[in-house]
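Asks: Build me a structure from this.
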Amino acid sequence: MNWLSLIDLMQHMAVVILFLVIGYRLVPAGIYRRIALRNGIYGLLFGAAGISTMLFPLHEQAGTLAPMYFIVAGLAAWLGGPLSALVSDAGMIGVRIVIGGAGLETGIATILLATAIGLAFWRYRPQDRNRRLYFIHPVLFGVLVSIMGFGVAAVILPEEVRSSWLQRYTPSMFLLFPVFSVLVHYFISSEWTRKRRNGIEDMNKVMSPKLFREQLSGWIQARTPFCLALLDIDGETVQRLNRELSRTHLRHQVVQRLQIWLSSHSAACWLEGEQLLIAMTGSPTRKLPYVPPGTWDELQTLLSSPYWINKRLYHLTPRIAVTTCAEEDIAVDELLQRIYAALQHATASGLQQAVHDHDWLTLQIRRRTMIEVHIRTALQHKQLYLLYQPQYEVRSGRLRGFEALLRWQHPELGSVEPEEFIPIADQTGALLPIGAWVIRQACMTVAQAIPAPSSMTISVNLSASQLLDPELAAIVEQALADTGIEPHRLEFEIAEQALSGLLEQAELPMKRLQALGVRLTIDDYKMEADTLIHWRKLPIQSVKIDNTLLQEKLASSNEELSDSLFEAIKQLQCDIVAMRLETYEQLAFYKKNDCQFAQGNLLGRPMDSDRLQALVVAAQSVDASSEAEPFSHS
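Replies: Residues are numbered from 1 along each chain as shown. Next up, the predicted model:
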């Protein structure tokens, strides 16, 4: 490689990029509201940049050369389309004709061929400026233009300069053209994002987020009451508008409608993610601005009307969250936290009406945050403990075993229900070490309170993340070895809902647990016979039926339904465990349908390990003395 030619090309590349940077920054953001005008600006900038390489050419022994202009022509076509290509090519070809001299045909040919490559990329690889451009596309473009330049030079250049040109510049072109293409694309992408934001703000006459925050801070300091609304535009509809220009037009139409609705004492700004903030203030003599009933519903109806974009109709389903500030000394960030909490509630609940911020909602978010923080250290602070709910054989009334139930007592939060903290622990990754502790603690309780010889079991719940944990089998094996209990006395319950989406992934870890000798149970079965066929590959020994759901089904059906459901389970050769029993009528129903085991508050409430041991002693005493009547000791 000729290092002097490489340095020459790098100098030209730097000149072109600097020219584009300065020119692009000088163009007002408001010009970019129209696609034709924007593409014309592209053509002028790239055309002028290409002409600059002709006016300050590279000097060669047999004349002068300007090898950067055709990559510039190709990029103008790719980034701006046909209009940009026409403007830039017209300028560069015109200057090239005026300059004249040797290589005129070569110069025009390379410009036109590079433009054709650029238009092909523009047509078949349209770029969304709202995303970072893929690295591979600019590199591929630079390589193709280099190959084209090499081919044209080899065919058209005069013999006296052809060999020298090819030897001197071809290696440098194949190195620098892809680099140049990547740099220009990155610059245009970044600048377009900035210009778009400024252009939208200018076009729609809304505040920038920075100015909007300053406005809110001014109202708070002046003790001026105001309402703050956060509008979340339907993301699915926006995603279907795959061109940034279409999204800009949608935002423009949204704000046009909003400006008709807003009063003179209002302010608005766009946020990232298709969200709008609206602030409405009233008279300083009022504690809160007067907002007539139905105001927010009226706004939602206004914004939900169809939008005409690209000759198609689009519908939005905006969600609105509202909060108020009345002479409060509050930080803007805290105020925004309130309204984001309300919006989160509206989104999670699927509500279509405006959701107002309430203290309970803020407290709910704060409570969740505290749970996320403190659940990570609950185990080491010994705040977690187990309760045990007994299970009985339905026919004989004998004590079959217990289900270990996790509980959390926090000094500030109080007693936190499992339904509240277990999903959060699972999401934060804290459930894996907690789950390992539960397995070991349950095994220790059985070893101490129900020593061998005994067939009583202990059941432990497993989440989907625990089941898929590669360390689970080793954790179970170690717990069994350390406590000395027989594997068949340990039972794992896995919720049907957790298994429904990962049957294939769950098969191997469940078979590993089966190989250790432990029992596996499907928990919270929803009484759908169609789902049973998917379980045939899984090594399960029992199915727990949610008594509440079964009673709802039976209330609207007949006995044939229950018969078919129980028969379907029995075909899997699984035991049936009834859970959440509350009445003797329910118990009689399960006994009639040959249900093997049952648990619920009717038979025994969750208890600590001391009461568990006392119950075990009493049950063993009854069994040793005589045959017990079913549940006579419950």
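Asks: what about Ile41, distance to Leu86?
Replies: Distance, Ile41 to Leu86, by Cβ to Cβ, to the nearest Å: 13 Å. Using the backbone N, CA and C atoms, a C-beta is placed for each residue, glycine as well.
Asks: Can you work out which residues contact both of the two?
Replies: Here Ile41 and Leu86 have no joint contacts, going by Cβ atoms under 8 Å, 6 or more residues apart in numbering.
Asks: now Cys595, what's its secondary structure?
Replies: coil (DSSP: H, G, I helix; E, B strand; the rest coil).
Asks: List the contacts of it.
Replies: Cys595 neighbours (Cβ under 8 Å, 6+ apart): Val394, Ile545, Phe566, Ile576, Val577, Ala578.
Asks: residues in contact with the third one?
Replies: This means Phe566. So Phe566 contacts Ile576, Asn593, Asp594, Cys595 (Cβ under 8 Å, 6+ apart).
Asks: Rank the helices and strands of this protein by mean pLDDT and give me the bottom one.
Replies: Within the chain, no helix or strand scores below strand 63-65, which has a mean of 43 by mean pLDDT, DSSP states H and E.
Asks: next structured bit after that one?
Replies: Sequence-wise, the next helix or strand downstream of strand 63-65 (DSSP states H and E) is helix 69-99.
Asks: Let me see the mean pLDDT of that following helix.
Replies: Mean pLDDT, helix 69-99: 86.
Asks: now swap in stretch 319-335 and tell me
Replies: For stretch 319-335, mean pLDDT rounds to 81.
Asks: again, but for stretch 213-222
Replies: The model assigns stretch 213-222 a mean pLDDT of 86.
Asks: Could you give the number of residues near Leu313?
Replies: Residues near Leu313, counting by other Cβ atoms under 10 Å, number 8.
Asks: Okay, buried residues for the strand or helix carrying Ala321 please.
Replies: For Ala321, the host element (DSSP H and E) is strand 319-325. Residues of strand 319-325 classed as buried: Arg319, Ile320, Ala321, Val322, Thr323, Thr324, Cys325 (neighbour count, 16 or more other Cβ atoms under 10 Å).
Asks: Which one of these is nearest to Ser52?
Replies: The shortest approach to Ser52 among the buried residues of strand 319-325 belongs to Arg319, at 51.2 Å (Cβ to Cβ).
Asks: in the stretch 251-400 of the chain, which ranges drop under the pLDDT threshold?
Replies: 264, 272-273, 282-294, 310, 327, 345-363 (pLDDT under 70).
Asks: That one: strands as residue ranges?
Replies: Using DSSP state E, counting those that start in this stretch, the strands of the stretch 251-400 of the chain run over 266-271, 275-281, 307-309, 312-314, 319-325, 355-356, 384-393, 399-410.
Asks: Looking at those strands, spot the one closest to Ser146.
Replies: Once the strands of the stretch 251-400 of the chain are compared by Cβ to Cβ, strand 307-309 is nearest, at 39.2 Å.
Asks: ok, and for that closest one, which residues are buried?
Replies: Tyr307, Ile309.
Asks: Parallel or antiparallel, list what pairs with it.
Replies: According to DSSP bridges, strand 307-309 forms sheet pairs with strand 312-314 (antiparallel).
Asks: Run through the bridge partners of Gln389.
Replies: Going by DSSP bridges, Gln389 forms beta bridges with Glu403.
Asks: residue contacts, it?
Replies: Phe402, Glu403, Leu405, Gln599, Gly604, Arg605, Pro606, Met607.
Asks: are any of the residues you listed buried, and which?
Replies: Buried among the contacts of Gln389 by 16+ other Cβ under 10 Å: Phe402, Glu403, Leu405, Gln599, Gly604, Pro606, Met607.
Asks: Which member of those residues is positioned nearest Ile233?
Replies: Leu405 (43.8 Å).
Asks: Just give the nearest non-adjacent residue to the closest one, would you?
Replies: Using Cβ to Cβ, 6 or more residues apart in numbering and skipping the chain neighbours, the partner closest in space to Leu405 is Leu387 (4.7 Å).
Asks: Please tell me I have it right and that neighbour contacts Arg407.
Replies: Yes - counting by Cβ atoms under 8 Å, Arg407 is a contact partner of Leu387 at 5.7 Å.
Asks: shared neighbours of the two, anything?
Replies: By Cβ under 8 Å, 6+ apart, no residue touches both Leu387 and Arg407.
Asks: So which residues of the stretch 1-150 of the chain form helices?
Replies: Taking DSSP state H, counting those that start in this stretch, the helices of the stretch 1-150 of the chain run over residues 3-26, 35-55, 69-99, 104-124, 136-156.
Asks: now the angle from the last one to helix 69-99?
Replies: When you say that, I think you mean helix 136-156. For helix 136-156 against helix 69-99, the angle by axes from the mean of the first three to the mean of the last three Cα atoms, to 10 degrees is 40 degrees.
Asks: what mean pLDDT does helix 136-156 have?
Replies: The model assigns helix 136-156 a mean pLDDT of 81.
Asks: tell me the most buried of the helices of the stretch 1-150 of the chain?
Replies: helix 69-99 (a mean of 24; mean count of other Cβ atoms under 10 Å).
Asks: picking that back up, hmm, which of the contacts of Phe566 are the buried ones?
Replies: Listed as buried from the contacts of Phe566 are Ile576, Asn593, Cys595; burial here means 16+ other Cβ under 10 Å.
Asks: Give me the secondary structure label for the first one.
Replies: Assigned by three-state DSSP, the conformation of Ile576 is strand.
Asks: That one contacts Phe589, doesn't it?
Replies: No - assessed by Cβ under 8 Å, Ile576 is found out of contact with Phe589, at 12.0 Å.
Asks: Where do the helices of the stretch 451-600 of the chain begin and end?
Replies: Along the stretch 451-600 of the chain, the stretches classed as helices by DSSP H, counting those that start in this stretch are 464-467, 472-483, 496-500, 503-516, 547-555, 559-571, 584-592.
Asks: wait, what's in contact with Glu298?
Replies: Taking Cβ under 8 Å, 6+ apart, we find Glu298 in contact with Trp261.
Asks: To clarify, my last question referred to Ile375.
Replies: Ile375 neighbours (Cβ under 8 Å, 6+ apart): Trp408, Phe421, Ile424, Ala425, Thr428, Ala430, Ile434.
Asks: how about the residues you listed in CSV, adding pLDDT and neighbour count?
Replies: Below are the contacts of Ile375 laid out as CSV (pLDDT from 0 to 100; neighbours: other Cβ atoms under 10 Å):
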residue, pLDDT, neighbour count
Trp408, 95, 23
Phe421, 92, 25
Ile424, 89, 16
Ala425, 90, 26
Thr428, 83, 13
Ala430, 90, 21
Ile434, 95, 22
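Asks: Of the residues you listed, which pair is most distant in space?
Replies: Trp408 and Thr428 (13.9 Å).
Asks: rewinding a little: same list (the contacts of Gln389) but as a markdown table, adding distance to Ser459 and pLDDT.
Replies: Putting these into a markdown table (distance: Cβ to Cβ, whole Å; pLDDT from 0 to 100) gives the following:
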| residue | distance to Ser459 | pLDDT |
| --- | --- | --- |
| Phe402 | 7 | 95 |
| Glu403 | 4 | 95 |
| Leu405 | 9 | 96 |
| Gln599 | 9 | 92 |
| Gly604 | 14 | 91 |
| Arg605 | 16 | 93 |
| Pro606 | 12 | 94 |
| Met607 | 15 | 94 |
